[in-house]
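please find the sequence and the predicted model below.
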Amino acid sequence: MASGMSFEDLLRSLVMENEDVITPPEKYVMFASATLIDENDQVYRTLPGGVSLLTSKRILLLSTGYQQNTVLNPTVLRRYTVTSTAGDSSFFLPIPLRCLRSMEMVSDTSARSTIDVFGRPPCCRGLCYCFKSLCSYVVTNWYSNQPLNDRQCLRFVRLGVLMPPWDKKTIMQLDLQPTFPLNFAAEFLSSLQKFSQQLQ
């Protein structure tokens, strides 16, 4: 983070005196992005990647992002304007456990590989048809290009929330980091069920 503080230090400083931290630091939920979706299935807010933890009273989300962009615009003949921007953004989103209404976890992983295989032409380029027996070993040789691999990995946690302050009906989707252990996410949801009366 730009402030020099770690996620863990900043989150600990935001915990209130009368609440206990349930999620240990090594099991903070690491998400690549957080998406807020309204009851009409429309995205109304997207947050950059960050961490989430559970306390005895709230879910705390802290996300941060860095943006950098350079645009080249022509102005007049042989003259351009170069505009560069850079920025750092941080978001803190506390959600009381009383606002939770549902939860789900999805893990969908698949892989696909495509390769093209070609028959190698005979050495005579088809001119010695009458001597097929001499060229048959060449005709049966095959070669291929490099395989094209496509891997899909969808892993996310979805929470049904009455989002403060006006109880807006919201689905909050946390897209998990690829390296985040799935069993940690399961523990997080198990703890949510234990401490949120609305999920029991």
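Now that the structure is in, tell me what you want to look at. Keep in mind it's a predicted model, so treat the numbers as computed, not measured.

shouldn't residue 59 be in contact with residue 31?
No. Applying CB atoms under 8 Å, one finds residue 59 not in contact with residue 31, separated by 11.9 Å. The C-beta positions use only the backbone N, C-alpha and C, and glycine is treated the same way.

which neighbours do the two share?
Common contacts of residue 59 and residue 31, defined by CB atoms under 8 Å, 6 or more residues apart in numbering, comprise residue 52.

who's residue 54 bridged to?
residue 59 (DSSP bridges).

what's near enough to touch it?
21-23, 60, 188, 191-192, 195.

in a strand, residue 162, correct?
Yes. Counting by DSSP: H, G, I helix; E, B strand; the rest coil, residue 162 is found in a strand.

quick one: mean pLDDT for the longest helix belonging to the chain?
Longest helix in the chain, counting residues (DSSP state H): helix 182-195. Averaging pLDDT along helix 182-195 gives 94.

next, the buried residues of it.
184-185, 187-189, 191-192, 195 (16 or more other CB atoms under 10 Å).

and for residue 21, the neighbour number?
15 (other CB atoms under 10 Å).

who are the neighbours in contact with it?
12, 15, 53-55.

could you flag which of these are buried?
Looks like the contacts of residue 21 have 15, 53-55 buried, using 16+ other CB under 10 Å.

farthest pair in those residues?
15 and 54 (11.0 Å; CB to CB).

residues in contact with both of the two, list them for me.
Joint contacts of residue 15 and residue 54 (CB under 8 Å, 6+ apart) are 21, 60.

where in the protein is pLDDT low?
Scanning the chain for pLDDT under 70 picks out 1-5, 7, 119-141.

tell me where it has helices.
Using DSSP H, the helices of the chain run over 7-14, 132-139, 182-195.

now these as a markdown table including distance to residue 75?
A markdown table is the format used below for the helices of the chain (distance: least, CB to CB, whole Å):
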| stretch | distance to residue 75 |
| --- | --- |
| helix 7-14 | 43 |
| helix 132-139 | 62 |
| helix 182-195 | 51 |
